[in-house]
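> pasted the sequence and its predicted model underneath.
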Amino acid sequence: MHDTCSNPLEDTSAAAAETSPQPSSAEHSDNVAITVRNLGKSYLIWANPTDRLKHSLRANLAKFCPIPEKCYHSEFWALRDVSFDVKRGETVGIIGRNGSGKSTLLQVICGTLASTCGAFQAQGRISALLELGSGFNPEFTGRDNVYMNASILGLSQEEIDEKYPSIVEFADIGDFINQPVKIYSSGMVVRLAFAVSASVDPDILVVDEALAVGDEMFQRKCYARLRSFQENGGTILFVSHSAGAVVELCTRAILLEKGEKLLEGTPKFVVSQYHKLINAPKEKRQYVIQAIRTLAENPQPEHESSEASQTKVDAKPKPIGSSRAFYDPNLKPVSTVCYIERGARISQPKIFTLDGEQVNNLIRRETYIYAYEVEFFASFTNVRFGMLIKNMSGVELGGGVSAPNGEGLAFVPQGSKIYVEWEFECLFLPGVYFMNAGVLAMVRDEETYLHRRLDTAAFRVQQEEGLTVTGMVDVRRDLRLSVSEGTLSTPRLTVGST
């Protein structure tokens, strides 16, 4: 196995066809689906075609006589020294800014791109949802493309015959299945391509932004298919710019930046650092990157997903069924992430009852006030404020902004202090929740976060006896039974507001 990324070679079709190096068997466990070690991918960048020709001629001349070396190109590393493992049954999210190397990494793992150095190994059949539909022949019908692509993915004729009805049903493009693909809309192509790729019954599913296409109903079908694949023990490597999708679907996340693995941990923690990075001013971005590297080298409790690791918790909580809200000084988030300040600072986030009492142990279906203070160190226009409530895993449950886009406070002068209050009804089920706070304004003709605090406050919804509501959010409906006259065998069920 290659340990370092040295002496990169220019990509050629021959190089792409070579078998990728494999990690040693000593490093591989039966419980590991994907092993990546010191993986690197380098491209040679030429200033112009003449330099490429000079390089080729010089290399050929060097075979016959010694000549001084001269470099006509520069190197670009799309990936550099990336290492990680993916266990069987895991869903690992890969996130990062555009150009960070996410798609390159997936292409190397899928075998469509040769690495320059390093090693990787995948155990089991891989199905890749990359650039959906790019392998379709536009002159062939949808049916022809189904059979051609499914055979490329390793299915036999008999297997394709068996799966064909379910593929057509999932794609839901009607009679167009028998028409040439060249007359399809882009959405129809993607639907059919996803249906084929998801039908292979792989051990490992590689997804690159495939869920960002199609209409809402089709996206829901795609997510449902991924959930089913997860429940059946499948392994997923998932790239998406949607932080919410990564938090909701993944068990672990990896942050890439300019081809380097910066951070690995729980989705909530990694996504929070990713948001801090992409919202940092350009001149301070390197400082944020170094801070993330330090976090990776010195793991903090934020890597964990338990309540104890994300908050300081009360050793003696109130008994179940407590009838009033109260304040626990030990219930404080330790997973707070603050964006770089851009002329404003958020402080003093607190939750109050309508009578002004500070609390953080709340009663379901009661109304509270979430408040924070914003101090401005410069003057800004079109200022808006925001809040967001998330569960323990980081799934966004609800929030709001103070005004529609373009309709914020017209002008806030330097030195101002604004006290922001949000009145909200606690419609969450028992558990611990986290609150964000943010302030935005126009900076160089673009709306930008002046400051944002993630997990800046925490609250617990108290336990209740005999609770019949399920899920995370109370939809304020109760089930009532209404018995039809003359019989008890067929009661009528109605749902009404309490």
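Yep, it's here. Bear in mind the structure is a predicted one, so any value in this text is a computation, not a measurement.
> quick one: name whatever helix or strand follows the one helix or strand in the chain whose mean pLDDT sits lowest.
Between all helices and strands in the chain, the lowest mean by mean pLDDT, DSSP states H and E belongs to helix 13-17, at a mean of 36. Using DSSP states H and E, the helix or strand that follows helix 13-17 in sequence is strand 32-46.
> could you list the buried residues of that next one?
Neighbour counts over strand 32-46 (16 or more other C-beta atoms under 10 Å) mark 32-44, 46 as buried. In short, each C-beta sits where N, CA and C put it, glycine included.
> one more: stretch 142-153?
Under the neighbour-count criterion of 16+ other C-beta under 10 Å, stretch 142-153 has 142, 144, 145, 146, 147, 148, 149, 150, 153 buried.
> do the same with stretch 440-451
Within stretch 440-451, the residues that count as buried by 16+ other C-beta under 10 Å are 440, 441, 443, 449, 450, 451.
> for stretch 51-59, same thing?
Of the residues in stretch 51-59, those with enough neighbours to count as buried (16+ other C-beta under 10 Å) are residue 55.
> quick check, distance from it to the centre of its chain.
Between the mean C-alpha location of stretch 51-59 and the chain-wide mean there is a distance of 43 Å, by C-alpha atoms, centre = their mean, to the nearest Å.
> got the contact list for that stretch?
Surrounding stretch 51-59, the residues in contact under the criterion C-beta atoms under 8 Å, 6 or more residues apart in numbering are 46, 67, 70, 72, 73.
> so how many other residues sit close to the third one?
Here the count is done by other C-beta atoms under 10 Å, and residue 70 has 8 residues near it.
> same deal with the second one?
For residue 67, the neighbour count with other C-beta under 10 Å is 10.
> now it: which helix or strand?
Following DSSP H and E, there is no helix or strand that holds residue 67.
> give me every residue that touches it.
For residue 67, the contacting residues are 58, 61, by C-beta under 8 Å, 6+ apart.
> please apply the same query to the one 5 residues further on.
Residue 72 makes contact with 46, 47, 51, 52, 54, 55, 58 under the criterion C-beta under 8 Å, 6+ apart.
> try 10 Å
Taking C-beta atoms under 10 Å, 6 or more residues apart in numbering as the criterion, residue 72 is in contact with 44, 46, 47, 48, 50, 51, 52, 53, 54, 55, 56, 58.
> among these, name the ones in strands.
With strands taken from DSSP state E, the overlap with the contacts of residue 72 comprises 44, 46.
> with distance to residue 413 and pLDDT added, can I get the contacts of residue 72 in JSON lines?
Conversion of the contacts of residue 72 to JSON lines gives the following (distance: C-beta to C-beta, whole Å; pLDDT from 0 to 100):
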{"residue": "44", "distance to residue 413": "54", "pLDDT": "84"}
{"residue": "46", "distance to residue 413": "53", "pLDDT": "79"}
{"residue": "47", "distance to residue 413": "50", "pLDDT": "78"}
{"residue": "48", "distance to residue 413": "53", "pLDDT": "80"}
{"residue": "50", "distance to residue 413": "58", "pLDDT": "83"}
{"residue": "51", "distance to residue 413": "55", "pLDDT": "74"}
{"residue": "52", "distance to residue 413": "58", "pLDDT": "78"}
{"residue": "53", "distance to residue 413": "62", "pLDDT": "79"}
{"residue": "54", "distance to residue 413": "61", "pLDDT": "76"}
{"residue": "55", "distance to residue 413": "60", "pLDDT": "75"}
{"residue": "56", "distance to residue 413": "64", "pLDDT": "79"}
{"residue": "58", "distance to residue 413": "64", "pLDDT": "74"}
